[in-house]
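> Sharing a sequence plus its predicted fold:
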Amino acid sequence: MLSLLYVIIAGIALPVGGVQMQYLWRNQLGDVYSLGLGSAACLGAAAATMTGWCSLTVGSFICTLLCTLVCFVVTLKVNTRNLITFGILFGTFIGSLGTIVVTNAPNGDLLKQYYLWGAANFSLEGVTAGDIAFSLVLFAVGLAAAFGLAGKLTRHFNGEIEISNVGKALILLAIMFLVTSAVSICGPIGFISLGVPNLSRILSDSTDIRRHYLISGLMGVGLLLLTYLVVNHVNFGIYLPVSATMAIIALPLMAILFLKK
């Protein structure tokens, strides 16, 4: 049951975070991994697993919070195009730190535990009751903040207003809470935070971000659930990571919709 619960949480949290990033940047390339937030969550989880200094969720939260602070400062200094470039480079830097931490695992058991977590198959490897409770709080607060800031984000995206620096900080924190709530428990899950929001924008002509929250959340949950069932019941006798399998399933659909549009 917990695995299915986190299929739902991840299917909502990551697309909603991606939609917020696209509206904040006014750019369809916006993604929760674009500024290194997803990579930072993985780095924190890796450090927690390898050293035992804290739980998965706490480690992910600390690293993602630090990453968000850096991104906020950069957001105030550069334009959107340069921010995207910075985000890609910064995400690569954070990912490299994670690689160093993992490749220096104290023993093979910890390395295997981290790999099983990182494969994003909702096995909840190494997850504690405290991790579950903390992630549920992060998800609830992040989702509430997303809806609370929805009106401003929609008007900002439409060019009617410019969001203040305080508003940008709150939006980035809301995105960080959603990302951490999913990634710290399930591992990195690509595609749905970028692909699903873009699918939503193709299917709906409305710019009301709340509509895209709903469409993206439903599509994210549906796509993740389909992938989860394939991985666990139609796996052809081989191990299939959820994230990779989902990209294989979803990419043809993306191509068809983009070409038709």
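Received it, and whenever you're ready, just let me know what you need.
> residue boundaries of the helices in the stretch 51-200 of the chain?
56-75, 80-103, 108-118, 129-148, 150-157, 165-186, 195-203 (DSSP state H, counting those that start in this stretch).
> what helices or strands is the second one leaning on?
Think helix 80-103. The contact analysis (3 or more C-beta pairs under 8 Å, 6 or more residues apart in numbering; DSSP states H and E) places helix 80-103 against helix 2-25, helix 37-51, helix 56-75. For the C-beta atoms, the positions are set from N, CA and C on the backbone; glycine is no exception.
> Let me see the mean pLDDT of the longest one.
If I follow you right, that is helix 2-25. Here helix 2-25 scores 92 as its mean pLDDT.
> Pull the distance from it to the chain's centre.
Relative to the chain's own centre, helix 2-25 is displaced by 6 Å; criterion: C-alpha atoms, centre = their mean, to the nearest Å.
> Let me know the angle separating that helix from helix 150-157.
40 degrees (axes from the mean of the first three to the mean of the last three C-alpha atoms, to 10 degrees).
> quick one, helix 2-25 and helix 37-51 angle?
140 degrees.
> coming back round to it: got CSV for the helices of the stretch 51-200 of the chain, with distance to M219 and mean pLDDT too?
Formatted as CSV, those follow (distance: least, C-beta to C-beta, whole Å; pLDDT from 0 to 100):
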stretch, distance to M219, mean pLDDT
helix 56-75, 24, 84
helix 80-103, 24, 82
helix 108-118, 24, 76
helix 129-148, 16, 93
helix 150-157, 18, 93
helix 165-186, 15, 88
helix 195-203, 5, 85
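> which of these is buried the deepest?
The highest average neighbour count among the helices of the stretch 51-200 of the chain, using mean count of other C-beta atoms under 10 Å, belongs to helix 165-186 at a mean of 24.
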